[in-house]
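Peer 1: Just need the structure, nothing else, for what follows:
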Amino acid sequence: MTLVAPTLQAWFTDRLTRQLQASPRTIDSYRDTLRLLLVFTQQRTGKAPSALDWDDLDEELISRFLDHLETDRHNAAKTRNLRLTAIRSLYKYAALRHPEHAETIARVLAIPPKRHQQRTITFLTAPEAAALIAAPDPARWEGRRDRTILTLAIHAGLRVSELTALDCGDITLGTGAHVRCRHTKGRKQRAIPLTAPAQAMLAGWLAERAGRPADPLFATRTGRRLSRDAIEQRVSTHAAAATTSCPSLHGRQLHSHALRHSCAMSLLQAGVDTTVIALWLGHADVRSTQPYLHADLTIKEKALALVTHTDVKPGRYKPPDKLLAFLECL
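Peer 2: Sure thing, here's the model as predicted:
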């Protein structure tokens, strides 16, 4: 019998943090997964997490834990697969340190991810985006701040985590105007050009904000950096207010990522190549941009227009000359 605790601690401190230099978000996600797993195991076996060995965490228990995520916690299949990814990472590391448990580890690693249906991308049309940006009250400080947030999210396609991490010094106006994202997914820094409306909105906000380069670009009245939940709440509130001028927004549950999708769709409909869109959005793989192609009906309509009409009678090629007919028969 070999205890799990020393290996699990070494996996976090040595493998993930020192060797792989995993991002803080990855560490947080894996930590939450293992915490859920250990609590679930303690409830099933009655053993304290520090007293568990690898035989307690066999394939049967891991499968029950994954089922528990879906049935009891009502997690989607995508979340279930993310939890399985964290567990597989731990077991791959354990396989190198505990060959005596190779059979148990191999069975856990053989658990397949669950296939799930991809949801259709939610995005805003140009009139809907304009209505959303106009929804915050420009007479209030918070309204002017929220207008700037929505404009930057829709025109630059930033993630909500990138919006909250922006400092005043990350904005460059004038010639070569751009926003610099330093705290991005996968720690890939990138610079995104700013459109004319985004420049105008940011110029006014920076003058009013009057912050130092290291101060948060979007803050509360007390100067604290806005959180992810705060931005999500502002998007929902303004989307509800925008329904008065744009009825198509009625009943839609908008989230901040829909604004990022809207930026990608506007670039795609403008004829920008998908590789450029992937660089713009900070995608690690061009394949991550493919769902936008499926969601764009205008591209499908253009493809449909190129198809031969169904009223054309089917036929067969007939050579117009006897000599050509002879050659066809050879």
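
Peer 1: Pretty sure residue 180 sits in a strand.
Peer 2: Yes. Assigned with DSSP: H, G, I helix; E, B strand; the rest coil, residue 180 falls within a strand.

Peer 1: Can you tell me how far it is from residue 101?
Peer 2: Going from residue 180 to residue 101 by CB to CB, to the nearest Å gives 47 Å. In this view, the C-beta of every residue, glycine as well, is placed from N, C-alpha and C.

Peer 1: Neighbour count for those two, which is higher?
Peer 2: A side-by-side neighbour count of residue 180 and residue 101, using other CB atoms under 10 Å, places residue 101 first with 22 against 14.

Peer 1: got the contact list for that one?
Peer 2: For residue 101, the contacting residues are 2, 54, 55, 94, by CB atoms under 8 Å, 6 or more residues apart in numbering.

Peer 1: By neighbours, which of these wins?
Peer 2: Neighbour max across the contacts of residue 101 (other CB under 10 Å) = residue 94, 24 neighbours.

Peer 1: so that one sits in a helix?
Peer 2: Yes. Using three-state DSSP, the assignment for residue 94 is a helix.

Peer 1: Excluding covalently adjacent residues, which one is nearest to it?
Peer 2: Distances taken as CB to CB, 6 or more residues apart in numbering place residue 7 nearest to residue 94, at 5.3 Å, with adjacent residues excluded.

Peer 1: So for the one helix or strand that neighbour maps to, what gets flagged as buried?
Peer 2: Here residue 7, judged by DSSP states H and E, is contained in helix 5-10. Buried residues in helix 5-10, defined by neighbour count with 16 or more other CB atoms under 10 Å: 7, 8.

Peer 1: hmm, who's touching it?
Peer 2: Identification of contacts with helix 5-10 by CB under 8 Å, 6+ apart yields 34, 49, 50, 52, 90, 93, 94, 97, 98.

Peer 1: following it, which helix or strand shows up next?
Peer 2: Downstream of helix 5-10 (by DSSP H and E), the next one is helix 24-45.

Peer 1: hey, where'd the helices end up in the stretch 51-200 of the chain?
Peer 2: 59-71, 77-97, 102-109, 126-134, 141-156, 160-165, 196-209 (DSSP state H, counting those that start in this stretch).

Peer 1: just those helices: most buried one?
Peer 2: Ranked by mean neighbour count under mean count of other CB atoms under 10 Å, those are led by helix 141-156, which reaches a mean of 22.

Peer 1: same for it, what does it pack against?
Peer 2: helix 126-134, helix 160-165, helix 196-209, helix 228-242, helix 256-269 (3 or more CB pairs under 8 Å, 6 or more residues apart in numbering; DSSP states H and E).

Peer 1: Between the contacts of helix 5-10, which sits nearest residue 15?
Peer 2: Distance to residue 15 across these (CB to CB) is lowest for residue 93, with 5.2 Å.

Peer 1: pretty sure the closest one contacts residue 4?
Peer 2: No. Between residue 93 and residue 4 there is no contact under CB atoms under 8 Å: 11.5 Å.

Peer 1: show me where pLDDT drops low in the stretch 201-330 of the chain?
Peer 2: Within the stretch 201-330 of the chain, the segments meeting pLDDT under 70 span 284-317, 319.

Peer 1: Cool, thanks, signing off.
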